[in-house]
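1. Any chance you could fold what I've pasted below:
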Amino acid sequence: MNAVADFIAAIGRAALALIRSAGAIALFALEGLSHAVRPPFYWRVFGTALLDTGFLSLPVVALTALFSGGVIALQSYTGFAQYHAQSAIASIVVLSVTRELGPVLAGLMVAGRVGAAMAAEIGTMRVTDQIDALTTLRTSPMKYLVTPRLLAGIIALPLLVVVADILGVAGGFTVATAKLAFSPTAYITATMNAVKTSDVTVGLVKAAVFGFLIALMGCYHGYTSRGGAEGVGSATTSAVVSASILVLAFDYLLTDLFFAQ
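-> Numbers count the residues shown, from 1 in each chain. Prediction:
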């Protein structure tokens, strides 16, 4: 009986800790967003965050999308050829990329690159008392450090996903025409007939949510880090892991919301 009671107590403690963390993150997010509508706004910090999140993440996102589109085309051909359904490959590639792989892969790549960088930068400022110095100078750390990064994530990731969508479809087109002997004209026609505006729009909505979550996790774990260099390292790891999990979890929730019949 004691073992069962201890087990139930451990589950209860874990559940309470999870609820407490979720509440703290929600309040952190609300405070960060509330500063976006109250002056002043630090445009230079926002521009730097937008450049780092968007433009500097472009190479890794572009390469990931390009090769993923090609892999989808190859794998689809392998399966569909058994049923003489090769004509569906173009639609499979474009729908997979625009609805799922574009936003998710871009989100995971940005989480690994930008989420870690945000947590490390803000965490270093925390453990070296630079955040306390901002408060001493009558500058809100939330307004200066968090709000511009949250807005940059919301704006930058949809722009990255637009590029990822184009390159993912281009990768599938290249493999289909160069390796699988598809007609370029027929492939493009099938692609245009399969994709709808709503498919692209839903992918961009997902990207905006993912960008917000990635920036939120990077800022939150960095802002609340403690314990010197070891604490910064733990905050960086936690930011990447939590952002990646949230990207996948919210991808399911948004897919169920938009595409459930």
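
2. how about the strands of the stretch 151-261 of the chain, start to end?
-> Under the criterion DSSP state E, counting those that start in this stretch, the stretch 151-261 of the chain carries no strands.

3. all helices of it, in order?
-> Assigned by DSSP state H, counting those that start in this stretch, the stretch 151-261 of the chain shows helices spanning 184-194, 197-223, 228-259.

4. swap in the stretch 1-150 of the chain?
-> 2-34, 43-53, 58-80, 89-96, 102-110, 116-127, 130-136, 141, 147-178.

5. Out of the helices of the stretch 151-261 of the chain, which gets nearest to residue 170?
-> Ranking these by proximity to residue 170 (C-beta to C-beta) places helix 184-194 first, at 10.4 Å. Bear in mind the C-beta positions are built from the backbone N, C-alpha and C, glycine included.

6. Report the contact partners of the nearest residue to residue 223 once chain neighbours are set aside.
-> Counting by C-beta to C-beta, 6 or more residues apart in numbering, residue 223 lies nearest to residue 122, which is 5.4 Å off, once chain neighbours are set aside. Contact analysis of residue 122 by C-beta atoms under 8 Å, 6 or more residues apart in numbering lists 131, 145, 218-219, 222-223, 225.

7. Could you identify the most distant pair in these?
-> 131 and 218 (14.8 Å).

8. Show me the one of the helices of the stretch 151-261 of the chain that comes nearest residue 38.
-> Here helix 197-223 is closest among the helices of the stretch 151-261 of the chain (C-beta to C-beta), at 17.6 Å.

9. now the closest one and helix 2-34, what's the angle there?
-> In terms of direction (axes from the mean of the first three to the mean of the last three C-alpha atoms, to 10 degrees), helix 197-223 departs from helix 2-34 by 110 degrees.

10. roughly how far apart are residue 102 and residue 40?
-> Per C-beta to C-beta, to the nearest Å, residue 102 is found 35 Å from residue 40.

11. more neighbours, the two?
-> Ranked by neighbour count (other C-beta atoms under 10 Å), residue 102 and residue 40 place residue 102 first, with 31 against 10.

12. Cool, thanks, talk later.
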